[in-house]
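**Student:** Need a 3D model of the sequence below.
(one chain, ligands or ions: 1)
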Amino acid sequence: MTSDCRLFTPLTLGGVTLANRIAVSPMCQYSAEDGSPTGWHLQHLGSLSMSGAGLLILEATAVEPEGRITPACLGLYSNANEAALAPVVALCRRWGTASLGIQLAHAGRKASAKVPWQGGGPLGSDDGAWQTVGASALPFDDNWPEPQALDDAGLAHVRDAFVAAARRAERLGFDLVELHGAHGYLLHSFVSPVSNRRNDRYGGSRENRMRFPLEVAAAVRAVWPRGKALGMRITGSGWIDGALTPVDAGVFANELHKIGFDYVCVSSGGISPQARVVVGPGYQVPFAAAVKQASDIAVQSVGMIADPRQAETILAEGRADCVALARGFLDDPRWAWHAADALGAETACPPQYQRARPKLWPGAALAYPHRN
Ligand SMILES: Cc1cc2nc3c(=O)[nH]c(=O)nc-3n(C[C@H](O)[C@H](O)[C@H](O)COP(=O)(O)O)c2cc1C
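**Tutor:** Predicted coordinates:
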């Protein structure tokens, strides 16, 4: 470390110390087969594991086949999935430097969809659509199928599926598990009054709506080692009347903290196609800041954070403890190297590539004058 910037100081979450406060945000790749990763994942994740980011979180990974967003989504529900993921983890460990996380997810009423480049939207019965499940029997939109409201046996089944996937993640050697509690997927659809119209102990008051996600969280906490890190991606705003607010997010984050979660990532949107999300640089930072003020849990901010100084300011002002970038890393898989250059800090770079780093190889400055 040559500068006193926050972005490149280590961060301890639970029992894991990340080398810096930059995470590669989970990103669905829609390139899996029967839930198992393919060669695409090897090259995609292999590259990002040596990006200089302190943490690389694998995409939303379904805990059961019906919990996949699309038929091409990653899963961790079978021995075959687990075996196929092992070489991906081994590759990232052998050649990369980032700590490794995985996002465990259930898409709920937004499952059984087409991949984005085939238009998104629900699969037709000829395309292999499957019955979806949700908090209530309310479709996501007019043209979406009605999900089956989970009964007690269904809730226990989903909770156990999260636990089983977490055990698989532990066997695979992941450092961190993140539960997906945002973007309108199953856990979020319980917390949000927009999608939860239940009149049992899982619906109605905020306490009741939080109950199922918190039961899942507690069950995963019970099996996920304390020496690793555990977090949830939560919703800072539903962006539509009657949806979740930053106050709800603060309450939820506190409950997760009580259960023993180490961090939350504050995202937003996804609960209704009618929601109007106002996007712009750092558009979700105010939600992260609100959660940080309301709770003692570590907070990750995400969403159009693409400039190193912007990221540094978010941390320096105490609005979040770390940042995650998604598209920024697709656009520039070496984002963390360039951020370190811009902020006068240092980050990991594999020896094979050091000749491209001005700080490590003097000739590189001549080769890339536009970066200096
Ligand atoms: C290709 C792509 C796939 C994504 N898949 C996921 C995902 O699997 N899980 C998730 O929580 N968010 C997912 N997101 C959202 C990102 O993690 C991130 O929150 C969002 O893109 C905003 O960050 P950005 O402005 O840095 O891209 C995805 C985004 C992109 C661009």
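
**Student:** When you work out contacts or count neighbours from here on, use the C-alpha atoms and nothing else.
**Tutor:** OK.

**Student:** For residue 290, list the residues it contacts.
**Tutor:** By C-alpha atoms under 8 Å, 6 or more residues apart in numbering, residue 290 lies in contact with 246-247, 250.

**Student:** hmm, try it at 7 Å
**Tutor:** 246, 250 (C-alpha atoms under 7 Å, 6 or more residues apart in numbering).

**Student:** Tell me the backbone dihedrals of the residue in the stretch 101-250 of the chain that the ligand sits nearest to, please.
**Tutor:** Nearest residue of the stretch 101-250 of the chain to the ligand: residue 180, at 6.1 Å (C-alpha to the nearest ligand atom). Backbone torsions of residue 180, given as degrees, to the nearest 10, read phi -90, psi 110.

**Student:** right, and it touches residue 104 too?
**Tutor:** Yes. Using C-alpha atoms under 7 Å, residue 180 is in contact with residue 104, at 6.0 Å.

**Student:** Next, work out how far apart the residue of the stretch 101-250 of the chain closest to the ligand and residue 345 are.
**Tutor:** Going from residue 180 to residue 345 by C-alpha to C-alpha, to the nearest Å gives 32 Å.

**Student:** Likewise for residue 99?
**Tutor:** Taken as C-alpha to C-alpha, the span from residue 99 to residue 345 is 19 Å.

**Student:** CA-only coordinates of the helix or strand hosting residue 104 in PDB, if you can.
**Tutor:** In this structure, residue 104 is located in strand 99-105 according to DSSP states H and E. Extracted C-alpha coordinates of strand 99-105, given in PDB (Å, rounded to 0.1, in the frame of the first residue of the first chain):
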ATOM      1  CA  SER A  99     -11.400 -14.500  -2.500                       C
ATOM      2  CA  LEU A 100     -14.300 -16.500  -3.900                       C
ATOM      3  CA  GLY A 101     -17.900 -16.200  -3.100                       C
ATOM      4  CA  ILE A 102     -21.100 -17.700  -4.500                       C
ATOM      5  CA  GLN A 103     -24.600 -16.300  -4.600                       C
ATOM      6  CA  LEU A 104     -27.200 -18.900  -3.700                       C
ATOM      7  CA  ALA A 105     -30.600 -18.100  -5.200                       C
END
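
**Student:** elements contacting whichever helix in the chain runs longest?
**Tutor:** Criterion DSSP state H: the longest helix present in the chain is helix 152-172. Judged by 3 or more C-alpha pairs under 7 Å, 6 or more residues apart in numbering; DSSP states H and E, the packing partners of helix 152-172 are helix 206-223.

**Student:** coming back round to it: residue 180 and residue 104: who's more crowded?
**Tutor:** Applying other C-alpha atoms under 10 Å to residue 180 and residue 104 shows that residue 180 carries more neighbours, namely 29 against 26.

**Student:** Report the beta-bridge partner residues of the more buried one.
**Tutor:** residue 233 (DSSP bridges).

**Student:** what's the pLDDT at it?
**Tutor:** Looking at residue 180, its pLDDT stands at 98.

**Student:** ok, now residue 357?
**Tutor:** Model confidence at residue 357 (pLDDT) stands at 87.

**Student:** Now do residue 218 against residue 168, distance only.
**Tutor:** Taking C-alpha to C-alpha, one finds residue 218 at 17 Å from residue 168.

**Student:** Neighbours of residue 4, how many?
**Tutor:** 11.

**Student:** ignore the last one, residue 119
**Tutor:** Neighbours around residue 119, by other C-alpha under 10 Å: 9.

**Student:** angle of the strand holding residue 104 against helix 152-172?
**Tutor:** 160 degrees (axes from the mean of the first three to the mean of the last three C-alpha atoms, to 10 degrees).

**Student:** ok, back up a step: quick one: contacts of the longest helix of the chain?
**Tutor:** For helix 152-172, using C-alpha under 7 Å, 6+ apart, the contacting residues are 63-64, 76-77, 82, 86, 216, 219-220, 223-224.

**Student:** what about stretch 350-359, how long is it end to end?
**Tutor:** Length of stretch 350-359, first residue to last, C-alpha to C-alpha: 13 Å.

**Student:** Tell me the helix or strand right after the helix or strand containing residue 252.
**Tutor:** If you go by DSSP H and E, residue 252 is part of helix 246-259. Later in the chain than helix 246-259, the nearest helix or strand by DSSP H and E is strand 263-267.

**Student:** Render the CA-only coordinates of that following strand in CSV, please.
**Tutor:** Provided in CSV are the C-alpha atoms of strand 263-267 (Å, rounded to 0.1, in the frame of the first residue of the first chain):
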residue,chain,number,x,y,z
TYR,A,263,-22.7,-8.2,5.6
VAL,A,264,-25.5,-7.0,3.3
CYS,A,265,-25.3,-5.8,-0.3
VAL,A,266,-27.9,-3.2,-0.9
SER,A,267,-29.5,-3.4,-4.3
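
**Student:** strand partners of that strand, parallel vs antiparallel please.
**Tutor:** In its sheet, and by DSSP bridges, strand 263-267 pairs with strand 229-235 (parallel), strand 298-302 (parallel).

**Student:** Is the ligand within reach of the longest one?
**Tutor:** No. With C-alpha under 6 Å from any ligand atom as the threshold, strand 229-235 lies outside contact range of the ligand, at a closest distance of 6.6 Å.

**Student:** Equivalent analysis for the last one, please.
**Tutor:** Yes. Figure legend: strand 298-302 in contact with the ligand (C-alpha under 6 Å from any ligand atom); contacting residues residue 302.

**Student:** Not counting that strand itself, show me its contacts.
**Tutor:** Counting by C-alpha under 7 Å, 6+ apart, 262-267, 284-285, 288, 292, 320-325 sit against strand 298-302.

**Student:** try the longest one
**Tutor:** Outside strand 229-235, the residues within contact range by C-alpha under 7 Å, 6+ apart are 13-16, 175-182, 249, 261-268.
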